[in-house]
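1. Pasting the sequence and the predicted coordinates here, then a few questions.
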Protein chains: 2
Amino acid sequence: MQQLALTPSFLGVKIDMGEKNLYTRCMNNKKTIGDLMHAHGLKKTPIRTGMLELFMAHDFALSASDIVAKMTAGHDKVTIYRALNSFEEHGILHRASEDGHGIKYAMCSSHCPDEPHTDKHAHFVCDVCHQTYCLEDVEVPEVEVSNEFSVSRANYTLCGICKKCKN
Amino acid sequence: MQQLALTPSFLGVKIDMGEKNLYTRCMNNKKTIGDLMHAHGLKKTPIRTGMLELFMAHDFALSASDIVAKMTAGHDKVTIYRALNSFEEHGILHRASEDGHGIKYAMCSSHCPDEPHTDKHAHFVCDVCHQTYCLEDVEVPEVEVSNEFSVSRANYTLCGICKKCKN
DNA sequence: CAATAAATGCAACATAGTTGCGTTTGTTTA
DNA sequence: TAAACAAACGCAACTATGTTGCATTTATTG
């Protein structure tokens, strides 16, 4: 995957970049945020641009309240929820996990479909800080299920304590 | 596993037994509800007895609001939540799934530990009715995870549409 | 630059779950 | 069998997550 021509503008957004630059991660191939939104008939607004930058800057999934907390400009949570739903409907974000602490979303990669879907890899949710990590190496195993059920998605989540919270 | 010497008293509890009697399912070996609660230093009250009977009478996991809905006597939800937490702490119930519609609990079997834990098998959650089914035949596969994470539980949940909702 | 559809913000609401506190009840033990 | 004690209960109030309706603003397109 190619390095993106993105200069983070951080429009009203606090970003803790952590250890590494993750701008190439999980992003639809060769597309800028503007291209991506345009391709789906979405408007490129400061809030939504900032949200997608946030997702690209983190190697773990984010919930609506994570995003509200990271936006400096004090936007309404309704706006954030509607943006998340819209991104999910257009296959820009997908649900990484749903625990008792809300739905966590992550950026879709180029091999994700343009419809709502879940990850093919497992996730780890920390019991202490509730942060969701993508375990990209750990594939969700396929299983045989009785034909009483029409299976459309699978979710494989590990729980425990993350490195940060062990210290 | 042996048939339990249980005459359901249904103390203030509506039970839809479904197709089969499930009183032998998931229950600690040879123990009555009274024995079970006593063994854990819990008091045998009508509400808690009724709750455990409900769990034994269903082949799918139940949430706090499922239980509130099935109790005729109009008990306070706080009581139900506290009972569920207590049962989980004592290893009488465990969390079967946590989706956006609340934590679902299921009865522990004799090979469950006396501490909070999750199932060894996968679950199916219906997108339409939100009912959680235990897929007892589908084992949660073990995976290798980076030692950055201390894994204590694993959750494998399939989503889609159940037989009832397909019709 | 006007038209239009998408996006935003506010108020209000719904559901899941928790905390504090005073009262009731089940069980133990004397 | 009655007192004592801890567990369980019920009420009020509260937090967190997420949704709906509606009026207003804003980005894009022609």
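-> Noted; the coordinates are in hand. Quick caveat: nothing in here was measured; it's all calculated off a predicted structure.
2. tell me what the lengthiest strand in chain A is packed against?
-> Secondary structure of chain A per DSSP state E: the longest strand is strand A:150-161. Applying 3 or more Cβ pairs under 8 Å, 6 or more residues apart in numbering or on different chains; DSSP states H and E, one finds that strand A:150-161 makes contact with strand A:93-99, strand A:121-126, strand B:150-161. Yep, even glycine has a C-beta here, placed from its N, CA and C like the rest.
3. Could you see whether DNA strand D lies near the helix or strand of chain A with the lowest mean pLDDT?
-> Least confident helix or strand of chain A, by mean pLDDT, DSSP states H and E, is strand A:132-139 with a mean of 78. No - between strand A:132-139 and DNA strand D, judged by Cβ under 7 Å from any atom of the strand, nothing touches; the nearest distance is 12.0 Å.
4. Tell me which of the helices and strands packed on strand A:150-161 sits nearest to DNA strand C.
-> Within the helices and strands packed on strand A:150-161, the stretch nearest DNA strand C is strand A:93-99; the backing value is 9.6 Å (Cβ to the nearest atom of the strand).
5. before we move on, the earlier item: relative to DNA strand D, which of the helices and strands packed on strand A:150-161 is closest?
-> Nearest to DNA strand D, of all those, is strand A:93-99, at 6.8 Å by Cβ to the nearest atom of the strand.
6. Give me the distance from the closest one to the chain's centre.
-> Taking the mean of its C-alpha atoms, strand A:93-99 sits 7 Å from the chain's own mean (Cα atoms, centre = their mean, to the nearest Å).
7. Alpha carbons of the longest helix that chain A contains, in PDB - could you do that?
-> If you go by DSSP state H, chain A has its longest helix at helix A:77-89. Provided in PDB are the C-alpha atoms of helix A:77-89 (Å, rounded to 0.1, in the frame of the first residue of the first chain):
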ATOM      1  CA  LYS A  77     -22.700  13.700  20.100                       C
ATOM      2  CA  VAL A  78     -25.700  13.300  17.700                       C
ATOM      3  CA  THR A  79     -23.500  14.500  14.900                       C
ATOM      4  CA  ILE A  80     -20.800  12.000  15.800                       C
ATOM      5  CA  TYR A  81     -23.300   9.100  16.000                       C
ATOM      6  CA  ARG A  82     -24.800  10.000  12.600                       C
ATOM      7  CA  ALA A  83     -21.400  10.300  11.000                       C
ATOM      8  CA  LEU A  84     -20.400   6.900  12.400                       C
ATOM      9  CA  ASN A  85     -23.600   5.300  11.100                       C
ATOM     10  CA  SER A  86     -23.100   7.000   7.700                       C
ATOM     11  CA  PHE A  87     -19.500   5.800   7.400                       C
ATOM     12  CA  GLU A  88     -20.500   2.300   8.400                       C
ATOM     13  CA  GLU A  89     -23.300   2.200   5.800                       C
END
